[in-house]
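> Generate a structure from the sequence data that follows.
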Amino acid sequence: VSVLTKDFELHLNPVIHFSAGSDSNFDRMLYTNTRGFEASGLIAKKIGYYTYVTTTNAIYPNYIQSWIDRNGVVPYEGFWKAYDTDGVDFYTARGYISFNIIKQINVQFGYDKLFLGDGIRSMALSDFSNNYLFLKFDVKVWKLYYRLVFAQHYADAYSAPGTGSLSGPYPRKYFAHHHISFDIGKKLNLGFFENVSMGDSTNSSFDLNYLNPAIFYRAAEHQSGSENNVVVGFDGKWNFLRRFQLYGQFILDEFVMSEVTSGDGWWANKFGGQIGLKYMDAFWLDNLDLNLEFNIARPYTFGHETIYTNFAHYRMPLAHPYGANFREFLAIARYQPFKKFTFIAKYIGAFYGEDDEDTNWGKDIMQSYITREQEYGNYIGQGFATNFNYFDFTTSFQFKHNVFFDLQFVLRNVKSDLDLLDDNTFYVMGHFRYNIPRRVFDF
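Modelled structure (predicted):
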């Protein structure tokens, strides 16, 4: 449905996702049933708006349901209920308005999620967690790009694992982010960013010091004597030889240079990074795109003293889905040999150290680092050593504009010293999608 008048524009579309399949570790049919709508438009040709509302019933592959049972939340989503005996029922709602204050400054206010970076994953800010309320400013002046974000997050979600039972209201915390980048010539862009998570058990208000768009958050933290969690980082991308892009991120949570150079594995040397390479129209073959990426994070990175200052929202990491204490390699090939057909092959190999109920080796960022197992001798993969391998091959056919039929094959293998994580799964899914992107559960 479309409405076009002098001062009002509306585009209303249905959103549908039906899927069915089978899992080698599950004796029930897998399926997804999503129904809803999206609406977008303009008011007075100056204020843009967007909203997306769906409801979903799903029986996911066994490893996803096991993840939900352990963590009490549905990945990427918010409030949920148990559905049937082995499924979940949830609704998704997001939306925002946007407008330009002046030509160079855009403002967006809404309830959604944000992503920072050019990679498959993000070590700075990803879309893995639930949606949240935010206010965002984007500024483009000369060769400078500046982004400022203020948001409200939830420190916890009182969902009993496997039941979806609730006892609220949920404890709130607050978040501020700024990112500035600069074009050097036509092919190189370098940036700097800071994230701060703040709050305490009293649900205290947003710290006004972080409203200043032109100050380092670490300086504001020190001047106010706060115990907020500030994460700083650098990112960049370089386009070269017409078909290649090299990109990366480096995040620094805490460190002391003398402890880094000593090589003693001090627990508070908390940092991580990403390096990736894109190759477009690879080997001179039109529409063949390759992407390689490597991610790493030391134990206890993104964690903090309490759930109010860690880098998580709604019991899910705000950066990488693994949390911390991991090494990961990803490879993706996308090929579109014909206008309507796309083939996607993905491989993920990772090594990480898991925690259990009685130990904190630095992977689960919901645990306080006060409960860490040791002061020195920390290394990536400590704890319950886990090897992860994931293969995904998907064929997608675009029947009409935004109408897709997908056939997906996934092989997932996990071998861990923590036996409950051991998994060897093969599942097949067929999807029908209308105005909705593919759901990806590659963890």
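> Can you check which helix is longest in this structure?
helix 62-71 (DSSP state H).
> Y170 should be in a helix, yeah?
No - using DSSP: H, G, I helix; E, B strand; the rest coil, the assignment for Y170 is coil, not a helix.
> residue contacts, the closest residue to it other than its chain neighbours?
For Y170, ignoring the flanking residues on the chain, the nearest one in space by Cβ to Cβ, 6 or more residues apart in numbering is Y154 at 4.4 Å. Quick note: C-beta positions are derived from backbone N, CA and C, even for glycine. Listed by Cβ atoms under 8 Å, 6 or more residues apart in numbering, the contact set of Y154 reads 130, 132, 170-173, 313-314.
> Please apply the same query to I365.
Contacts of I365 by Cβ under 8 Å, 6+ apart are 301-303, 310-312, 317, 323-324.
> which of those tops the neighbour count?
G303 (31 neighbours; other Cβ atoms under 10 Å).
> contacting residues for the closest residue to F443 other than its chain neighbours?
Spatial nearest neighbour of F443, excluding adjacent residues (Cβ to Cβ, 6+ apart): P321 at 4.4 Å. Contacts of P321 were listed using Cβ under 8 Å, 6+ apart, and they are 75, 121, 126, 128, 443.
> Look up how far G41 lies from H11.
Distance, H11 to G41, using Cβ to Cβ, to the nearest Å: 6 Å.
> Could you check which of the two has the larger neighbour count?
Comparing H11 with G41 by other Cβ under 10 Å, the one with more neighbours is G41, at 17 against 14.
> name the element N106 belongs to?
Counting by DSSP states H and E, the element that carries N106 is strand 105-112.
> What ranges does this structure have for its helices?
Under DSSP H, the chain gives helices at 62-71, 217-224, 257-262.
> looking at those helices, which has the lowest confidence?
Of all the helices of the chain, mean pLDDT reaches its minimum on helix 217-224 (a mean of 62).
> Buried ones in stretch 175-183, by neighbour count?
175-181 (16 or more other Cβ atoms under 10 Å).
> Could you check how far A58 is from V74?
9 Å.
> between those two, what contacts are shared?
In contact with both A58 and V74: V88, using Cβ under 8 Å, 6+ apart.
> more neighbours, the two?
V74 (25 against 22).
> So for that one, what pLDDT did the model give?
95.
> quick revisit: now render the contacts of P321 as JSON lines, adding distance to T425 and neighbour count.
As requested, the contacts of P321 are exported to JSON lines (distance: Cβ to Cβ, whole Å; neighbours: other Cβ atoms under 10 Å):
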{"residue": "P75", "distance to T425": "16", "neighbour count": "18"}
{"residue": "R121", "distance to T425": "21", "neighbour count": "24"}
{"residue": "S126", "distance to T425": "24", "neighbour count": "21"}
{"residue": "F128", "distance to T425": "20", "neighbour count": "21"}
{"residue": "F443", "distance to T425": "13", "neighbour count": "18"}
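> I'd like to know the average pLDDT value across the strand holding N106.
Computed over strand 105-112, the average pLDDT equals 98.
> Neighbouring strands of it in the sheet, and parallel or not?
Sheet pairing here is set by DSSP bridges, and for strand 105-112 it gives strand 87-102 (antiparallel), strand 132-141 (antiparallel).
> Give me the buried positions along the last one.
It stands for strand 132-141. Those would be 132, 134, 136-139, for strand 132-141 by 16+ other Cβ under 10 Å.
> Ok, the first one next?
Using 16+ other Cβ under 10 Å as the burial criterion, the residues of strand 87-102 that qualify are 87-90, 92, 94-96, 98-99.
> So what touches that strand?
In contact with strand 87-102 (Cβ under 8 Å, 6+ apart) are residues 36, 46-60, 65, 68, 74, 77-83, 106-113, 131, 164.
> filter the residues you listed to the buried ones?
By 16+ other Cβ under 10 Å, the contacts of strand 87-102 give 36, 48-52, 54, 56-60, 65, 68, 74, 77-80, 83, 106, 108, 110, 112-113, 131, 164 as buried.
> What about these, which are in strands?
36, 48-52, 54, 56-59, 80, 83, 106, 108, 110, 112 (DSSP state E).
> Tell me where the model's unsure across the stretch 201-350 of the chain.
203-204, 215, 217-226 (pLDDT under 70).
> mind listing the strands in it by residue range?
For the stretch 201-350 of the chain, applying DSSP state E, counting those that start in this stretch gives strands covering 229-240, 244-254, 270-279, 288-297, 312-313, 316-317, 326-338, 341-354.
> Which strands and helices lie in contact with the first one?
So that's strand 229-240. Counting by 3 or more Cβ pairs under 8 Å, 6 or more residues apart in numbering; DSSP states H and E, the packing neighbours recorded for strand 229-240 are strand 172-184, strand 188-198, helix 217-224, strand 244-254.
> what helices or strands is the last one leaning on?
If you count contacts as 3+ Cβ pairs under 8 Å, 6+ apart, strand 244-254 packs onto strand 229-240, strand 270-279.
> follow-up on the earlier one: can you say which of the strands of the stretch 201-350 of the chain is packed in most?
Highest mean neighbour count among the strands of the stretch 201-350 of the chain (mean count of other Cβ atoms under 10 Å): strand 312-313, with a mean of 26.
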